[in-house]
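Trainee: Attaching a predicted model along with its sequence, questions to come.
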Amino acid sequence: MRTIGLIGGMSWESSSQYYQIVNRSVREALGGVHSARCLLHSVDFGEVAPLQAAGEWDRLGAMLVAAGRSLKAGGADFLVLCTNTMHLLADRLESEAGLPLLHIVDPTARAIASAGYRRVGLLGTAFTMEKAFYRQRLADRFGIEAIVPDPADRAQVHRVIYEELVSGQVLPQSRADYVAIIARLQAAGAEAVILGCTEIMLLIGEDDSPLPLFDTTRLHARAAAEHALAG
């Protein structure tokens, strides 16, 4: 079994889900009391969030590379970055940390393509929804078009993530707001929706949504377990 190097803490609320899903997936595959071989480098999100807001992506990249190198030194065989937004820095992390990175978009896109969808809504932080890195990878590598909410809805999706979900707050009104936003994406032609922030799975699930949901946290963590077992 390969050793997984998890870079988490962005936020730890979702990183804890990664740890559970990875270990449960390995136990389901191998039976008994088996669990995953993994290392976790958890950063302080209180330092990360202000740098994101200030656009200090070079400093954030250096932080990720340092985390990746520490995991390599500890014996990790590949990296899993437990956040969607910070995949903006995926290429730098992989090249400078010296380990392969299991990109969060790829297992998500494969699941979408397998289900036969080609036009999906994308919910996430403002960085994920508005910058090109995420939608471009979906389009270039998998032929999937991602559409995003209008500016007011994007602002609400982002606010709920940073003011509530990263602190473990799950509020019914925010759930209702997200469901309404998904309905508007459906009206705009979305066939399904990507939960493109690892905390959103804490707020909404399939039973809440008028469209099929693709939860990046669950898909990414399961892909990490599969990759580890393939070794």
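Mentor: Here it is on my side, so go on.

Trainee: Next one: residue 231, what pLDDT does it get?
Mentor: Listed pLDDT for residue 231 reads 74.

Trainee: these two touch, right, it and residue 26?
Mentor: No: taking Cβ atoms under 8 Å as the definition, residue 231 is not a contact partner of residue 26, at 11.9 Å. Placement of C-beta: from N, CA and C, glycine included.

Trainee: Now for these two: what residues contact both?
Mentor: Counting by Cβ atoms under 8 Å, 6 or more residues apart in numbering, the contacts common to residue 231 and residue 26 are residue 1.

Trainee: shouldn't residue 26 be in contact with residue 34?
Mentor: Yes: counting by Cβ under 8 Å, residue 26 does reach residue 34; the two are 5.6 Å apart.

Trainee: Tell me which of those two has more neighbours.
Mentor: Neighbours per residue (other Cβ atoms under 10 Å) separate residue 26 from residue 34, with residue 26 holding more: 22 against 13.

Trainee: Okay, and that one sits in which element?
Mentor: helix 12-30 (DSSP states H and E).

Trainee: again with residue 108
Mentor: helix 105-115.

Trainee: what residues does the helix or strand that that helix is followed by touch?
Mentor: As assigned by DSSP H and E, the chain's next helix or strand after helix 105-115 is strand 119-123. Strand 119-123 is contacted from outside by 112, 128-129, 134-135, 138, 144-149, 157, 178, 181-182, 185-186, 188-197, 200, 211, 214, using Cβ under 8 Å, 6+ apart.

Trainee: out of those, which are inside strands?
Mentor: If you go by DSSP state E, these have 145-147, 192-195, 214 in strands.

Trainee: Domain ranges for this protein, per the record?
Mentor: 4-103+219-230, 105-215 (automatic domain parsing).

Trainee: That's all I had, so thanks and see you.
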